[in-house]
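Asks: Quick one: sequence plus predicted model below, questions after.
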Amino acid sequence: MGKSQKNHSWHYGIIGAGPVGCIVAAFLTRGGHTVTLCDIVPELVDPARERGIIIEGAERLEQKIPRTCNQIEELIAAGPDAIFVCVKAQALPLISSALGDLYKEGIYIVSWQNGIDTEYELAKVLGKTPVMRAVVNWGCGLLGPAHVTMPFHHPPHYIQELDPASIDAAVHIARDLTASGLTTEHTDRIVPMVWRKTVMNASMNPVCAATGLTMAQAMGDPMTFGVVDALLKECLAVARGNEIFLGWDYYQYAVEYLKSAGNHKPSMLMDIEASRRTEINYINGKFVEYGTRAGVQTPYNNTMRSLIKGIEFRLETRR
């Protein structure tokens with residue numbers, strides 16, 4: 001490795017021109033970095049280059065991305081120092097396979113998805129040394145190609161390397177993101193941070209996806225709030241069963257956080273509305289998996305996973 005020792009402005013690659021990829025690309029480019037935005041769908045990346053990415057909401061920014069491409073092979077050939085993988089979690093096995101065929105030693109790979117254990121999908125193919133995990137604290141959605149809504153932004157964000165040998169690179173990336181306006185801290189506690197976020201996603205996202213309600217509507221209705229609350233408590237039991245400490249006051253924190261989210265549509269609901277597959281396997285599916293491992297029953301998570309998979313199946317049969 002050793003790229004973290006190089007004294008130059010890093011070139012960042014981004015796979016995925018969805019809302020997360022567009023936000024990272026726009027901020028890093030504004031921060032003075034060379035950025036190459038890659039997506040297999042030309043209609044998603046061309047506007048980023050020609051018109052520029054538009055971000056509105058908690059942050060407002062318009063930024064052209066001069067370098068775009070449609071193939072991972074082109075992205076690797078561009079010579080990035082690090083690549084942010086910003087695709088949906090369900091696309092990770094495909095992206096990991098492609099990276100495994102084309103990867104060049106010295107490039108760091110950052111997993112930036114919702115859900116648990118996404119970084120290990122990449123590490124299975126690339127090994128732990130180049131792989132990092134990041135957690136972001138913002139809400140976002142795609143209004144159109146290269147046009148992002150960002151309802152809330154609650155920094156800092158966090159990043160950690162899987163292999164201690166890559167700590168300098170992780171610190172470097174955190175520093176570059178912070179200087180570009182996305183305040184990010186290096187941490188050695190990324191696992192509980194991932195779980196703290198995923199517990200809330202598992203409690204709220206499938207309820208909204210199944211009902212079509214926004215977060216504020218789901219929290220405001222006593223019946224749906226009862227399901228959210230049951231999921232939250234079940235996820236906490238799974239965390240305790242696996243000795244993952246989320247904090248003594250996490251339950252109250254999570255309830256208050258979810259109540260303050262407003263009329264935001266979580267990404268799982270937006271995926272269903274767009275007839276796309278969801279990240280359910282990496283969110284509620286992981287609580288079922290970790291519950292089984294620890295001997296903790298997970299009827300609410302299992303039910304929500306089954307319901308969302310059923311909705312996905314119905315949508316696929318309509319195509």
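Replies: In hand now; what should we look at?

Asks: From Pro42, how far off is Tyr103?
Replies: 24 Å (CB to CB, to the nearest Å). For glycine as for every other residue, the C-beta is placed from the backbone atoms N, C-alpha and C.

Asks: Neighbour count: these two, which is higher?
Replies: More crowded of Tyr103 and Pro42, by other CB atoms under 10 Å: Tyr103, with 19 against 13.

Asks: how about the residue lying closest to that one once chain neighbours are set aside, what does it touch?
Replies: Closest residue in space to Tyr103, ignoring its immediate chain neighbours: Leu126 at 5.9 Å, by CB to CB, 6 or more residues apart in numbering. When contacts are counted by CB atoms under 8 Å, 6 or more residues apart in numbering, Leu126 touches 96, 99-100, 103, 109.

Asks: pLDDT on stretch 49-56, on average?
Replies: Stretch 49-56 carries an average pLDDT of 97.

Asks: From Tyr158, how far off is Pro164?
Replies: Distance from Pro164 to Tyr158, by CB to CB: 17 Å.

Asks: and these two? which has more neighbours close in?
Replies: When Pro164 and Tyr158 are compared for neighbours, Tyr158 comes out ahead with 20 against 10, by other CB under 10 Å.

Asks: Just list whatever residues bridge to that one.
Replies: Val135, Glu185 (DSSP bridges).

Asks: Looks like it contacts Asp188 (just checking).
Replies: No. Assessed by CB atoms under 8 Å, Tyr158 is found out of contact with Asp188, at 10.1 Å.

Asks: CA atoms only for whatever helix or strand Met200 lives in - export them in PDB, please.
Replies: Assigned by DSSP states H and E, Met200 falls within helix 190-211. What follows is helix 190-211, C-alpha atoms only, in PDB (Å, rounded to 0.1, in the frame of the first residue of the first chain):
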ATOM      1  CA  ILE A 190     -17.300   1.500  13.600                       C
ATOM      2  CA  VAL A 191     -19.200  -1.700  14.500                       C
ATOM      3  CA  PRO A 192     -21.400  -0.200  17.200                       C
ATOM      4  CA  MET A 193     -21.900   2.900  15.100                       C
ATOM      5  CA  VAL A 194     -23.000   0.800  12.100                       C
ATOM      6  CA  TRP A 195     -25.400  -1.000  14.400                       C
ATOM      7  CA  ARG A 196     -26.800   2.200  16.000                       C
ATOM      8  CA  LYS A 197     -27.800   3.400  12.600                       C
ATOM      9  CA  THR A 198     -29.000   0.100  11.300                       C
ATOM     10  CA  VAL A 199     -31.200  -0.500  14.300                       C
ATOM     11  CA  MET A 200     -33.100   2.700  13.400                       C
ATOM     12  CA  ASN A 201     -33.300   1.700   9.800                       C
ATOM     13  CA  ALA A 202     -34.600  -1.700  10.600                       C
ATOM     14  CA  SER A 203     -37.200  -0.300  12.900                       C
ATOM     15  CA  MET A 204     -38.500   2.400  10.500                       C
ATOM     16  CA  ASN A 205     -37.700   1.600   6.900                       C
ATOM     17  CA  PRO A 206     -39.700  -1.600   6.300                       C
ATOM     18  CA  VAL A 207     -42.700  -0.100   8.100                       C
ATOM     19  CA  CYS A 208     -42.700   2.800   5.800                       C
ATOM     20  CA  ALA A 209     -42.000   0.600   2.800                       C
ATOM     21  CA  ALA A 210     -44.900  -1.700   3.500                       C
ATOM     22  CA  THR A 211     -47.400   1.100   4.300                       C
END
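
Asks: Please identify the buried residues of it?
Replies: 190-191, 193-210 (16 or more other CB atoms under 10 Å).

Asks: Give me the distance from it to the chain's centre.
Replies: Offset of helix 190-211 from its chain centre (CA atoms, centre = their mean, to the nearest Å): 11 Å.

Asks: after that helix, next one along is what?
Replies: Following helix 190-211 in sequence, per DSSP H and E, is helix 215-220.
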